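Student: structure of the sequence below:
(chains A and B)
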There are 2 protein chains.
Amino acid sequence: MAASETELIERFFRDIGAQRTDVALGIGDDAALLRAPAHCELVLTTDALVEGVHFLAGASAHSLGYRALAVNLSDVAAMGASPAWALLSLNLPAIDEPWLTEFARGLGGLARMHGVALVGGNLSRGPLSITLQLAGLAPIGTALRRNTAVAGELLYVSGTLGDAAAAHALRSGALRATPADAAFLRARFEYPTPRTELGQALRDLASACIDISDGLYADLSRVLGVSGCGAVIDVQRLPASVALRNTCGATAWQTALSGGEDYELCFSVPPQRATAVDELAATLRQPLTCIGVLRREPGIELRTANAVTQFSHPGYDHFHC
Amino acid sequence: MAASETELIERFFRDIGAQRTDVALGIGDDAALLRAPAHCELVLTTDALVEGVHFLAGASAHSLGYRALAVNLSDVAAMGASPAWALLSLNLPAIDEPWLTEFARGLGGLARMHGVALVGGNLSRGPLSITLQLAGLAPIGTALRRNTAVAGELLYVSGTLGDAAAAHALRSGALRATPADAAFLRARFEYPTPRTELGQALRDLASACIDISDGLYADLSRVLGVSGCGAVIDVQRLPASVALRNTCGATAWQTALSGGEDYELCFSVPPQRATAVDELAATLRQPLTCIGVLRREPGIELRTANAVTQFSHPGYDHFHC
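Tutor: Numbering: from 1, shown residues only, chains lettered A, B, ... in the order given. Purely as a prediction, here's the structure:
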């Protein structure tokens, strides 16, 4: 088979995402040309999935295409921005047309759902890794940051936590689950839901926001570190799915606290806006759970009904040794 | 050694590029926040360097940092845009602090030279590969494209061609050179000069432009294909360095025609602007050589003083088999 990089990009990736009128020039030239509205700031992020690190050999190409975009959508959501344009850089050991077809389906489907145009790409031979760059837009001065959390605010998380970590443990054999619970947990890992709509709604409510990629404990620690405050978390309030509770029992809260790759949002809100958060949860039909409060003293204190709990798992970091 | 991804990015990559007032938020949050001028289009591109494909194991980290940005600067230059903000996605087999230091020096030095701020990054464990995304700016409607070349226009290239390909051939032992020539050719491969200033100047002169990454023949073929015209090239006019001519002798033109990774610009200009191109060459103090003319008939015809020459090398493509 003879197929050039250009031909492959044309065949598999042209027009798989959303069609946007602000794309003056998409795939096919040295670079893409985009028109951002004058009242908006540009939000730029990149994230990569590497075989053997973020996924195992033989992982579903459809899920990989989906996740490569989802992890970047999650970053843009955490900034409160609206996603717009993506670039894909794909290293492939060899051309595998069925794989590329499924990968593009996973990526394209999610891109269309979130209004993202795929405007450029780069295909290279090499060990399988997927790097995606996503640009989003937010009205100037409104984007959410990490370093603006304030002592006294309430701390919230979206959705449920720990499901993706449990899926990892199932796959490695460290955990067992019923077929139904296993399927649920696996789907939460393979197809995380980027909180795009929630992130944008939080621009008017939250003081600070981060997406939970490395685990609540690790990611919250980053927010607290740069904001100069601490937090008290009620571990009994950590939102855990039925499947996680069925599977992990009394230790579900530990998985919810430390497990990475759920791509939920963690955000802080002034107490007087608590009702507005509840209303937002009802509107979006997704749980937004108050898990604690921010305070002046640094660090994270974990509370159960009767005691302060110790916890030492720092969360997931590819380079922590 | 314990060092998290966040700490490594902070330590090695914060502030290595240019400081720009349009960066509202750089490295350290879920995404960067940038402010593009209202009268500009955004230019987005990505390119990757993969070990074993674009460079050999043991390649200079300084050169890799430089080249990872240079290949993207070249794409932005080919659009006639001004480079602005870069994101780095680096997959590393292990943390190697001297390597990271040199890599950041190579990247940061070139970034500062071209006014590029490094605004975000992603570090992951994995086989060595470097993906860089670059955003540039061009006044709305002025960016140069590939598909706008017109029959009758003159065809130009910047600099000299074939040097990087000769450096490849030297390294593999397929070619021999004097130490001085070898050093020159190797430097042209390891430290290609992105034609940033030239690209922006060409917005007022050129009808179409592309950067030569896969070889003049292959890249020009793309321009001609999408513009619906052909070209006649005078192979005796192909600009070759003294080192290339010393090293390749009578076949230097073939290397100049097909060799990739020189990152020079190839552009077409209406004949009445030929004098302006000469003046630009004098201003920029770099050769801009007219190598032929565009015509209606498709394809590339190669001419020597006395004959039409056949040529079958399609240029470099990672996936051409």
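Student: the closest residue to chain B within the stretch 51-200 of chain A: neighbour count?
Tutor: Evaluated by CB to the nearest CB, the stretch 51-200 of chain A has A:G126 as its residue closest to chain B, separated by 3.6 Å. Using the backbone N, CA and C atoms, a C-beta is placed for each residue, glycine as well. Per other CB atoms under 10 Å in any protein chain shown, the neighbour tally for A:G126 reads 23.
Student: need the pLDDT of it.
Tutor: Among the per-residue scores, A:G126 shows a pLDDT of 93.
Student: separation between it and B:I130?
Tutor: As for A:G126, its distance to B:I130 is 11 Å (criterion: CB to CB, to the nearest Å).
Student: so what's in contact with the two at the same time?
Tutor: With CB atoms under 8 Å, 6 or more residues apart in numbering or on different chains applied, the overlap between the contact sets of A:G126 and B:I130 consists of B:48, B:50.
Student: residues of the stretch 101-250 of chain A that sit close to chain B?
Tutor: Of all the residues in the stretch 101-250 of chain A, those in contact range of chain B (CB under 8 Å from any CB of the partner chain) are A:119-127, A:129, A:131, A:133, A:135-136, A:138, A:140, A:143, A:145-147, A:209-211, A:222, A:226.
Student: let's see which of those residues end up in helices.
Tutor: Among these, the ones falling in helices (DSSP state H) are A:222, A:226.
Student: I'd like to know which of the residues of the stretch 101-250 of chain A next to chain B are part of strands.
Tutor: A:119-125, A:129, A:131, A:133, A:135-136, A:138, A:209-211 (DSSP state E).
Student: which regions of the stretch 201-321 of chain A sit below the pLDDT cut-off?
Tutor: Counting by pLDDT under 70, the stretch 201-321 of chain A contains low-confidence residues at A:306, A:310-321.
Student: what about the strands in chain A?
Tutor: Applying DSSP E to chain A gives strands spanning A:23-25, A:32-34, A:40-50, A:82-92, A:117-125, A:129-139, A:154-158, A:208-211, A:230-234, A:265-269, A:288-295, A:299-303, A:308-309.
Student: the fifth one pairs with which strands, and in what direction?
Tutor: Read that as strand A:117-125. Using DSSP bridges, the strands paired with strand A:117-125 in its sheet are strand A:82-92 (parallel).
Student: can I get the strand it pairs with as CSV, trimmed to CA atoms?
Tutor: In CSV, the C-alpha atoms belonging to strand A:82-92 read as follows (Å, rounded to 0.1, in the frame of the first residue of the first chain):
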residue,chain,number,x,y,z
SER,A,82,-15.8,27.1,25.0
PRO,A,83,-13.8,24.6,22.9
ALA,A,84,-13.2,25.6,19.2
TRP,A,85,-10.3,24.1,17.2
ALA,A,86,-8.1,21.0,17.6
LEU,A,87,-4.9,19.9,16.1
LEU,A,88,-3.9,16.2,16.1
SER,A,89,-0.4,14.9,16.2
LEU,A,90,-0.4,11.1,15.8
ASN,A,91,2.6,8.8,15.9
LEU,A,92,1.8,5.4,14.5
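Student: just the CA trace of stretch A:257-274, in PDB.
Tutor: Backbone C-alpha positions of stretch A:257-274 (Å, rounded to 0.1, in the frame of the first residue of the first chain) are rendered in PDB as follows:
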ATOM      1  CA  LEU A 257     -10.000  10.700  46.800                       C
ATOM      2  CA  SER A 258      -6.900   9.500  45.000                       C
ATOM      3  CA  GLY A 259      -8.000   7.900  41.700                       C
ATOM      4  CA  GLY A 260      -7.100   9.800  38.500                       C
ATOM      5  CA  GLU A 261      -8.500  10.100  35.000                       C
ATOM      6  CA  ASP A 262     -12.100  10.800  35.900                       C
ATOM      7  CA  TYR A 263     -12.000  14.300  34.300                       C
ATOM      8  CA  GLU A 264     -14.500  15.800  36.700                       C
ATOM      9  CA  LEU A 265     -14.200  19.400  37.700                       C
ATOM     10  CA  CYS A 266     -13.300  20.500  41.200                       C
ATOM     11  CA  PHE A 267     -14.200  24.100  42.000                       C
ATOM     12  CA  SER A 268     -14.600  26.600  44.900                       C
ATOM     13  CA  VAL A 269     -17.700  28.800  45.400                       C
ATOM     14  CA  PRO A 270     -18.500  31.600  47.900                       C
ATOM     15  CA  PRO A 271     -21.000  30.200  50.400                       C
ATOM     16  CA  GLN A 272     -23.700  32.700  49.300                       C
ATOM     17  CA  ARG A 273     -23.800  31.000  45.900                       C
ATOM     18  CA  ALA A 274     -24.500  27.500  47.200                       C
END
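Student: what about it, near chain B?
Tutor: No. For stretch A:257-274, no contact with chain B is found by CB under 8 Å from any CB; the gap never falls below 9.8 Å.
Student: and that stretch, what's buried?
Tutor: Neighbour counts over stretch A:257-274 (16 or more other CB atoms under 10 Å in any protein chain shown) mark A:257-269, A:273 as buried.
Student: next, format those as TSV and append distance to A:E153.
Tutor: Below are the buried residues of stretch A:257-274 laid out as TSV (distance: CB to CB, whole Å):
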residue	distance to A:E153
A:L257	19
A:S258	23
A:G259	24
A:G260	24
A:E261	26
A:D262	22
A:Y263	22
A:E264	18
A:L265	15
A:C266	12
A:F267	9
A:S268	4
A:V269	6
A:R273	9
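Student: just to revisit the earlier point, can I get the strands of chain A in TSV including distance to B:Q200?
Tutor: Formatted as TSV, the entries for the strands of chain A read as follows, by distance: least, CB to CB, whole Å:
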stretch	distance to B:Q200
strand A:23-25	17
strand A:32-34	15
strand A:40-50	20
strand A:82-92	22
strand A:117-125	20
strand A:129-139	22
strand A:154-158	44
strand A:208-211	37
strand A:230-234	49
strand A:265-269	40
strand A:288-295	48
strand A:299-303	50
strand A:308-309	60
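Student: nearest to B:A252 among the ones you listed would be which one?
Tutor: Ranking these by distance to B:A252, with CB to CB as the measure, places strand A:117-125 first at 28.6 Å.
Student: and the contacts of the closest one?
Tutor: So strand A:117-125 is contacted by A:5, A:8-9, A:13, A:16-20, A:23, A:26-27, A:31-32, A:34, A:84-94, A:107-108, A:111, B:44-48, B:50, B:53-54, B:131, B:318-319 (CB under 8 Å, 6+ apart).
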